[in-house]
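J.: Need a 3D model of the sequence below.
(chains A and B)
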Amino acid sequence: MRRSSRLIKIFLSIALFLLLEGISVLLITNNSIIQKYRIMGVARSVQSFFWRQGESVRYFLNFKKENQLLEAENRLLKERISSLMKYLDDVSTEEAITRASSTGDYSFIPATIIKNSANKQHNYIILNVGSNNGVEEGMGVITSWGIVGIVEAVSPRISYVSSFLNTSQSISAKIVSNGVFGPMVWTGVGNRAVVREIPIHTEVYLGDTISTSGYSAIFPPDIPIGVVTSVDEVNGVALDIGVELFQNFRALRLVDVVINNYGKEIKMIENEME
Amino acid sequence: MRWNRNISLFALIAVMIIIQIIICDYIYTGPYIHLTLLPLIILSLPAEYRYPKLVIISFAVGFVIDLVSDGVLGLNSAAAVMTATFVRPVSYLTINRERSDKLERVILSDVGFFRYFRYSSYLTLIFLVTYILFDCAGFRPASFILMRIALSYVANIIMILFVSVTLLNKRF
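T.: Presented below is the predicted three-dimensional model:
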């Protein structure tokens, strides 16, 4: 009798262990960082108030660094304007007017980061813009120094961005010198990433620039991402290219959410093809 | 008396949960070190608790930390459930069965430094191995995982011993 009640206790303990461990594993496998954001929507809206206050204090303290970044960005824009001016000198006035009045493939929504994590294996960012500002799920987030992440969930006033510093995040990147492209993922350590599946015969040199390929419809093409720091052969069939990112994710504050003006049409065609 | 004792203990555990949330959200320890007070919270629970009570409390504490802090939901609760499962076997192994059954709570001054060190080391390792494997397995090289476990173990055991000596080395 005593032995059977002991066996029942052991059996119940094992069942309890399996149940609780099972619940936990289920939560992990459901990519729960996003689920959490949705489940905790109400709590997050309260938290976002405090994050905004904290962000104001950080903004005040980081004035100097912020100004340096803006100066550098300004310099880049001036260089770009001067090169475009040279180009405009070469084309006719009518053509210049036509080109200037066209909207282009992408538009941008400026946003401020109110919460940023950079020390985990799965990092995320919260922006101060949401569906009220035109942000939608699946839009890319960039700065002048590279890509930042992809919008995963949107509420009316804030957006939840899955940072590029996320082991499950992959974007399409290309080597600027020869246009060869491949998926780029974060290595999980610091500001380093790796571009995989590059054909072995590709000529790549240390210091080459890596930029967005523009094949994903999420990020505009030719945004510089980083420089090549290592080239490793994988099983004799492909190259893994180590990249040092330009973007310092710890100093992030101002970003742009990318709207692909042809995004809806692309999605419609993709759905029709499926 | 017993009621007051439980209140003091649970107030301390609540403080440790808040510290853990602060560690998760605001302290950057790099990719190789995962700092956690959760094993300490589990091994601070009264030794008289039977397995169902212990594992449910551990799961609940892990889940609260998962919900409130940054990171993947389920990681802390999975590791906490695994650690709670091994609390009794590890205490029998390191402290001895007879003595362990008599203890109200495992504290350093009662069992001695060496035994307490072994007890907390095994439980911390169980916690870290579960947590890091769930967090990294499949998309991280084995060298990264092993290095992360080793460095996290060293950092955590120092922190756990420090907190055990300074805050938990008394009966409530």
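J.: Could you pull out the buried residues of the worst-scoring helix or strand of chain B on mean pLDDT?
T.: Least confident helix or strand of chain B, by mean pLDDT, DSSP states H and E, is helix B:97-102 with a mean of 73. Using 16 or more other CB atoms under 10 Å in any protein chain shown as the test for burial, helix B:97-102 gives residue B:100. In short, each C-beta sits where N, CA and C put it, glycine included.
J.: what's the offset of it from the middle of its chain?
T.: 20 Å (CA atoms, centre = their mean, to the nearest Å).
J.: could you give the mean pLDDT of the next helix or strand along the chain from that helix?
T.: Toward the C-terminus, helix B:97-102 is succeeded by helix B:108-111 as the next helix or strand (DSSP states H and E). Helix B:108-111 shows a mean pLDDT of 81.
J.: ok, and what's touching helix B:108-111?
T.: When contacts are defined by CB atoms under 8 Å, 6 or more residues apart in numbering or on different chains, helix B:108-111 is touched by residues B:95, B:99, B:103, B:116, B:119, B:164-165, B:168-170.
J.: What of stretch B:19-30?
T.: A:117-119, B:35-38, B:41, B:65, B:68-71, B:155.
J.: For chain B, what is the nearest residue in chain A?
T.: residue A:27 (3.0 Å; CB to the nearest CB).
J.: State the distance from that residue to residue B:23.
T.: 21 Å (CB to CB, to the nearest Å).
J.: again, but for residue B:160
T.: In terms of CB to CB, residue B:160 sits 13 Å off from residue B:23.
J.: Of these two, give the one with the bigger neighbour count.
T.: residue B:160 (23 against 17; other CB atoms under 10 Å in any protein chain shown).
J.: Assign the more buried one to helix, strand or coil.
T.: helix (DSSP: H, G, I helix; E, B strand; the rest coil).
J.: if I pick the closest residue to residue B:43 other than its chain neighbours, what's in contact with it?
T.: Once flanking residues are discounted, residue B:43 sits nearest to residue B:123: 5.5 Å by CB to CB, 6 or more residues apart in numbering or on different chains. Listed by CB under 8 Å, 6+ apart, the contact set of residue B:123 reads B:39, B:42-43, B:83, B:86-87, B:90.
J.: Just the pLDDT at residue B:123, thanks.
T.: At residue B:123, pLDDT is 93.
J.: Quickly find the element holding it.
T.: According to DSSP H and E, residue B:123 maps onto helix B:113-136.
J.: Render the CA-only coordinates of that helix in CSV, please.
T.: In CSV, the C-alpha atoms belonging to helix B:113-136 read as follows (Å, rounded to 0.1, in the frame of the first residue of the first chain):
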residue,chain,number,x,y,z
PHE,B,113,31.3,26.5,3.2
PHE,B,114,32.5,23.5,1.1
ARG,B,115,29.1,21.7,1.2
TYR,B,116,27.2,24.9,0.4
PHE,B,117,29.6,25.7,-2.4
ARG,B,118,29.1,22.2,-4.0
TYR,B,119,25.3,22.4,-3.4
SER,B,120,24.9,25.9,-5.1
SER,B,121,27.5,25.0,-7.8
TYR,B,122,25.6,22.0,-9.0
LEU,B,123,22.2,23.8,-9.0
THR,B,124,23.7,26.9,-10.7
LEU,B,125,25.2,24.6,-13.4
ILE,B,126,21.9,22.8,-14.0
PHE,B,127,20.2,26.2,-14.3
LEU,B,128,22.8,27.6,-16.7
VAL,B,129,23.1,24.6,-18.9
THR,B,130,19.3,24.4,-19.4
TYR,B,131,19.0,28.2,-19.9
ILE,B,132,21.9,28.5,-22.3
LEU,B,133,21.0,25.4,-24.3
PHE,B,134,17.5,26.6,-24.8
ASP,B,135,18.8,30.1,-25.7
CYS,B,136,21.6,29.1,-28.1
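J.: before we move on, back to that, which of the contacts of stretch B:19-30 sits closest to residue A:138?
T.: residue A:117 (20.8 Å; CB to CB).
J.: centre of the chain versus the strand or helix carrying residue A:9, how much separation?
T.: Applying DSSP H and E as the criterion places residue A:9 in helix A:2-29. Remark: helix A:2-29 is offset 40 Å from the chain centroid, using CA atoms, centre = their mean.
J.: so what secondary structure elements neighbour it?
T.: helix B:51-68, helix B:75-95 (3 or more CB pairs under 8 Å, 6 or more residues apart in numbering or on different chains; DSSP states H and E).
J.: Close to chain B: what parts of chain A are there?
T.: A:12-13, A:16-17, A:20-21, A:23-28, A:32-33, A:35-36, A:40, A:117-124, A:167-168, A:188-190 (CB under 8 Å from any CB of the partner chain).
J.: Please pick the buried ones from these.
T.: By 16+ other CB under 10 Å, the residues of chain A next to chain B give A:16-17, A:20-21, A:23-25, A:27-28, A:32-33, A:36, A:117-124, A:167, A:188 as buried.
J.: on that earlier part again, and the angle for the helix holding residue B:123 with helix A:2-29?
T.: Here helix B:113-136 points in a direction 50 degrees away from that of helix A:2-29 (axes from the mean of the first three to the mean of the last three CA atoms, to 10 degrees).
J.: Which of the residues in helix B:113-136 are classified as buried?
T.: B:115-132, B:134-136.
J.: Show me where chain A has its helices.
T.: A:2-29, A:32-39, A:41-61, A:63-90, A:93-101, A:263-273 (DSSP state H).
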